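Visitor: predicted model and sequence follow; I will ask about them next.
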Amino acid sequence: MGIDLNDGQRFAGIMEHIDHHIKVVRYGTENLTVNVAIECETCGCVLVSDDNPNPPTQEEMDADREATANKERRGIDVEKLNEATRKEMNAKIDEELGTDANVYYSAYESDDEGLIRNNLLDIAVEGCVRFTYAGGWGDRKFRSPVIQSPTWLQICGIAEDAIRISGDYHHTFLEGIRPKDPEQGGAGQTVAVFELSFGS
């Protein structure tokens, strides 16, 4: 039975549900709520229920249901689409660096639905920049030449050089770049410095 919070018998009503499985639920669409309730699953009854004082319109609910359905339909194919995008990026890297390259690219971006975007030809950093890597063995550290506004594809080539020069063939997944203190170049020019970030 339900519980009237304004009734003098609410204490007894609550006592009836001690040790029962109680849950709070909402009703509506995925993103819009029409009603909330406290329910007793043991008894199979609604204890307390209240409607949204500012309920969504029917048009809003229909639109939300359609958006949810589209998201679910698209979600089925997300991994397939992502795998195709990865293959496309890997093929481009192989074309640029050769099929014997060690670097694996994983510095791509994903949208809110988890879809990967091919960003290889995007400019990663504007201006003059140098890349470093301190993950090698012993003193085999890496410093790239200064490069102007490199794309992620160009950074893949730099990352491949870093792997080979440092001798670190264990960490080969390029996950991104981290800013470091800038350097002063020729003619007082400021050179941005980024550390290559690898995973395994």
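Guide: On my side now, so go ahead.

Visitor: quick one: the helices in this protein?
Guide: 10-15, 58-97, 152-166 (DSSP state H).

Visitor: quick one: mean pLDDT over the first one.
Guide: Average pLDDT, helix 10-15: 82.

Visitor: with only the CA atoms kept, save it in CSV.
Guide: What follows is helix 10-15, C-alpha atoms only, in CSV (Å, rounded to 0.1, in the frame of the first residue of the first chain):
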residue,chain,number,x,y,z
ARG,A,10,2.6,7.2,8.1
PHE,A,11,4.8,5.7,10.9
ALA,A,12,2.9,2.5,10.7
GLY,A,13,2.9,2.6,6.9
ILE,A,14,6.7,2.9,6.8
MET,A,15,7.1,0.2,9.4
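
Visitor: related to what we said a few turns ago, which of the helices of the chain is buried the deepest?
Guide: Scoring the helices of the chain by mean neighbour count under mean count of other CB atoms under 10 Å gives helix 152-166 as the most buried, with a mean of 21. Backbone N, C-alpha and C define where each C-beta goes, glycine included.

Visitor: point out where this structure drops to low pLDDT.
Guide: Along the chain, segments meeting pLDDT under 70 span 1-8, 72-76, 136-138.

Visitor: ok, now with 80
Guide: Scanning the chain for pLDDT under 80 picks out the ranges 1-10, 69-77, 112-113, 135-140, 185-188.

Visitor: now do the contacts for the residue nearest in space to the middle of it.
Guide: What sits nearest the mean C-alpha location of the chain, by CA atoms, centre = their mean, is residue 110, with 6.1 Å. If you count contacts by CB atoms under 8 Å, 6 or more residues apart in numbering, residue 110 has them with 116, 117.
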